[in-house]
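Novice: here's a sequence, model it:
(one chain, ligands or ions: 1)
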Amino acid sequence: MFPQRRMRRLRSRSIQPLLCEISVSKKDLVAPLFVDETITSPLPIESMPGQFRYPLNDIADVAAELWKKGVQAILVFGIPGDKDPFGCSAFHPEGIVQQAVRRIKAKIKEMVIITDVCACEYTDHGHCGIVGETRCGPDLLNDPSLELMNKIAISHATSGADIVAPSCMLDGMVSSIRAALDGAGFEDVLIMSYSTKFASALYGPFREAADSGFTYGDRTTYQIHPGNSREAILESQMDADEGADILMVKPAGFYLDILAEVATLGLPVAAYQVSGEYAMIKCAAHHGWIQEKETVFESLTSIKRAGATLIITYFAGDVARWLDEKQ
Ligand SMILES: [Zn+2]
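Specialist: Numbers count the residues shown, from 1 in each chain. Okay, here's the model as predicted:
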């Protein structure tokens, strides 16, 4: 008790840095990248200042730039030239992601490439797989969509992806993809499951970025309601049981309690700081209402403190640069 116990002794300018429990480092970072088959020069994403869709010709250079800064992993999203009801361009050997992965691997062999496995960027209706009639009207069909995810995952692995990341929240997607990958000889390819993904309002800017808005309905029948924590933990537990190598909580900042609990399941956990989280910080900083760098570090520190092993963030490149400036 005071006066013997003085907590401020721990916070002197010389002692404090020695006692820092959590700090963000480059190896925590995963940078999302958008590669667009329909463009020939980088296209700024209006609702995500500083972020771009890149043409195929630029994507390896963009990845190399990140690698040079010290970002060791990227998460690739594709925007295809063709969309159809069945998402066929998502698993074509010459699809946009497949070509991008090959080009990046050819340029920087060591970079860890994670690919988003879903169909919402590739279907004309914008849903994450095959749609059809259900008891409540047209909606995503679970079991028929699994086969589509298997095909996408195998095509990404064939192109050289190190980790496939199914994001569709289908029941049974992890065990289905694991069996498909193993059957095709890709036992060493990891599955990072979007295991706990909430039906969040924070995905708005991403839909502009990835052109994945839907033409009818919404995703509340396959993503988790923000109020349901027990269900959220069970989703990750089930994906762990199905053989996921890395779990994920998405979004990150509004769901740190869930992240902390998922981290106790024992597997590595990725937290996805989503487009809306990025946009909020960028917008407030742009107006001078908050300090961008300090806010970004605080947000990432809180995500790591909650238990994240990896943080997927649009700030990855900036953070790597800021970390260099600090030294
Ligand atoms: Zn999707």
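Novice: ok, now which ones touch the closest residue to the ion within the stretch 201-327 of the chain?
Specialist: Going by CB to the ion, the ion is nearest to residue 212 of the stretch 201-327 of the chain, at 6.4 Å. From N, CA and C alone the C-beta is placed, and that goes for glycine too. By CB atoms under 8 Å, 6 or more residues apart in numbering, the contact set of residue 212 is 120-121, 126, 206.
Novice: just flag the most distant two among those.
Specialist: 126 and 206 (12.3 Å; CB to CB).
Novice: that older thread, chain neighbours aside, what residue packs nearest to the residue of the stretch 201-327 of the chain closest to the ion?
Specialist: residue 120 (4.3 Å; CB to CB, 6 or more residues apart in numbering).
Novice: residue 123 touches residue 80, doesn't it?
Specialist: No: contact criterion CB atoms under 8 Å: residue 123 and residue 80 do not qualify, at 10.0 Å.
Novice: contacting residues around the helix or strand where residue 115 lies?
Specialist: Assessed by DSSP states H and E, residue 115 sits inside strand 112-117. By CB under 8 Å, 6+ apart, the list of residues contacting strand 112-117 from outside reads 30, 72-78, 97, 101, 104-105, 149, 152-153, 156, 160-168, 177, 192.
Novice: ok, stretch 76-86 next?
Specialist: With CB under 8 Å, 6+ apart, stretch 76-86 has contacts from 32-38, 53, 88-90, 95-97, 100-101, 104, 113-116, 121-125, 130-131, 148, 161, 209-211.
Novice: buried stuff in that stretch?
Specialist: Neighbour counts over stretch 76-86 (16 or more other CB atoms under 10 Å) mark 76-80, 83, 86 as buried.
Novice: what do you get for stretch 213-222?
Specialist: 214, 217, 219, 222.
Novice: now, those that are in helices?
Specialist: With DSSP state H as the criterion, helices contain none of the buried residues of stretch 213-222.
Novice: who touches residue 261 in this structure?
Specialist: 229, 233.
Novice: secondary structure class for it?
Specialist: helix (DSSP: H, G, I helix; E, B strand; the rest coil).
Novice: name the SS class of residue 197, please.
Specialist: strand.
Novice: surely it meets residue 169?
Specialist: Yes: Residue 197 is in contact with residue 169 according to CB under 8 Å; the separation is 5.3 Å.
Novice: hey, what's in contact with both of these two?
Specialist: 223-224.
Novice: which residues of this structure lie near the ion?
Specialist: Counting by CB under 5 Å from the ion, the chain comes close to the ion at 118, 120, 128.
Novice: the helix or strand harbouring residue 191 pairs with which strands?
Specialist: Counting by DSSP H and E, the element that carries residue 191 is strand 190-191. If you go by DSSP bridges, strand 190-191 pairs up with strand 163-166 (parallel).
Novice: report the mean confidence score over the partner strand.
Specialist: Mean pLDDT, strand 163-166: 98.
Novice: and after it, which helix or strand comes next?
Specialist: Downstream of strand 163-166 (by DSSP H and E), the next one is helix 173-183.
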